[in-house]
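Student: Return a 3D structure for these sequence lines:
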Amino acid sequence: MLDKTILKKGLSKQLIVTGCFILILTCFFFFFRNAVYVERFYSGKIFPVFAIIGQTLYKWTPVSIGDLLYVICSLIGLVLFVKAIIYIFRRIYLMALIQVISILNITLFIVMLFYLLWGGNYFRVPLEVRMALDMEVKESCELLETAAFCIDQANKYRKLIREEDFLIDNRAIFKRATQLLQENAKLKPFLFVYLPTVKEPISDLLINYAMVSGYFNPFTQETQVNSSMPVFSKPFTACHELGHQSGIGFEDEANLVGFILCTQSDDALFQYSAYYHAMAMLLRQVYLEDKHSYLNLIQLIDKEVLLDVEDEQNYWEKFSGLVNDAGSVFYNQYLLLNNQPEGLRRYDRMTKLLIAWRKKY
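Tutor: All right, here's what the predicted structure looks like:
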């Protein structure tokens, strides 16, 4: 029989740890309320230190260390949960409570690490302010003109893509994406670029069912891109995730970074990837505002581009289901908690950024 005195002392220690983590996180969020301080002290001084450490350690590993860490943490959490259930069945409720508090403490520790290592970038000065972009879309014709332009460019670059371009190796795409980031002069003042790298996930299966094309691991500073999705989606996704690796938190801003990098490439596949995704985002916005204009714009899209749209839809439909629905709910809440009140709709806000970027540059 376990000594209740020892158990109570163990519970007290766990609760003290819980209190410390909550206090630290509270301090974080008070600090994050001031975007200017976040920009100057966190994004300008603290985050780069962890970015350098993470990218130095993990750039050279062929597999995603972050994925391995996720697996290990999940297993630890599962073991603690099972132990708590066992203690409940044995009516050792104090020990079960200690296991539950342990899970809570591990979760709080991970959240604390997240905001320390990278997550504070969600609260920095928005990229549109730092770039001095005019975000006011004064006329609907600006949206329609930009959509028509992206359709025209997508048609143009689709014609330039050769059959062998669709057979390009993932590593070649990832290498080109990192080179574009390192060479881009316009974005350099707004990003932290050290040793950019893109990797394949350990397994595409789970992220396919989660309907994820790419993701960034803030704990190891690694970017991962779904290696089995249609090839024309990979350049834009790789550049988008490299935006996150460079200190961009907001999804619309990472979309803009991905677009800029791809469109300043001399590679037709990269150009097409950018305009294909921009076209899709712009058309979604046009559909919400003016369905008649949307139907007219659709008529401008070449057959080859429409076939790519169909191929992409068919690919993702194979994995649509409960896992995707649950993942979408979770990720929407994640974005809401991290200074993005639009949730998943934040991705499409890139339309305003794109229009503003074109007006300035």
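Student: does residue 194 sit in a helix, a strand or a coil?
Tutor: coil (DSSP: H, G, I helix; E, B strand; the rest coil).
Student: pretty sure residue 249 is touching residue 125, no?
Tutor: No. Residue 249 is beyond contact range of residue 125, at 11.0 Å (criterion: Cβ atoms under 8 Å). All C-beta spots, glycine's among them, are computed from the backbone N, C-alpha and C.
Student: neighbour count winner among those two?
Tutor: residue 249 (24 against 14; other Cβ atoms under 10 Å).
Student: Looking at that one now. What's its pLDDT?
Tutor: Note on residue 249: pLDDT of 92.
Student: Make sure I have this right: it is in a strand.
Tutor: No. Residue 249 is assigned coil when assessed by three-state DSSP, not a strand.
Student: any idea how far it lies from residue 243?
Tutor: 9 Å (Cβ to Cβ, to the nearest Å).
Student: In three-state terms, label the closest residue to residue 349 other than its chain neighbours for me.
Tutor: Leaving aside its sequence neighbours, residue 349 sits nearest to residue 252 (Cβ to Cβ, 6 or more residues apart in numbering; 3.9 Å). Under three-state DSSP, residue 252 falls in the helix class.
Student: since we're on residue 252, how many residues are nearby?
Tutor: By the measure other Cβ under 10 Å, the count of residues near residue 252 is 24.
Student: for residue 319, same thing?
Tutor: For residue 319, using other Cβ under 10 Å, the count is 17.
Student: How about residue 7?
Tutor: Number of residues near residue 7 (other Cβ under 10 Å) recorded here: 16.
Student: what helices or strands is whichever strand or helix holds it leaning on?
Tutor: Using DSSP states H and E, residue 7 maps to helix 4-32. Here helix 4-32 touches helix 93-117, going by 3 or more Cβ pairs under 8 Å, 6 or more residues apart in numbering; DSSP states H and E.
Student: For the following helix or strand past the helix it packs on, could you pull out the residues that count as buried?
Tutor: Remark: after helix 93-117, the chain's next helix or strand is helix 127-130, criterion DSSP H and E. Using 16 or more other Cβ atoms under 10 Å as the test for burial, helix 127-130 gives 127-128.
Student: which residues are contacting the helix or strand hosting residue 306?
Tutor: If you go by DSSP H and E, residue 306 is part of helix 303-317. Residues outside helix 303-317 that contact it (Cβ atoms under 8 Å, 6 or more residues apart in numbering) are 151, 154-155, 158-159, 211, 229-230, 232-233, 276, 279-280, 301.
Student: Those residues into TSV, with extra columns for neighbour count?
Tutor: Rendered in TSV, the data for these read as follows (neighbours: other Cβ atoms under 10 Å):
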residue	neighbour count
151	23
154	27
155	18
158	23
159	12
211	19
229	20
230	18
232	23
233	20
276	25
279	25
280	14
301	18
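Student: now the helix or strand that contains residue 177, how far from the centre of its chain.
Tutor: For residue 177, the element it lies in under DSSP H and E is helix 170-183. Centroid separation for helix 170-183 versus its chain: 18 Å, with Cα atoms, centre = their mean, to the nearest Å.
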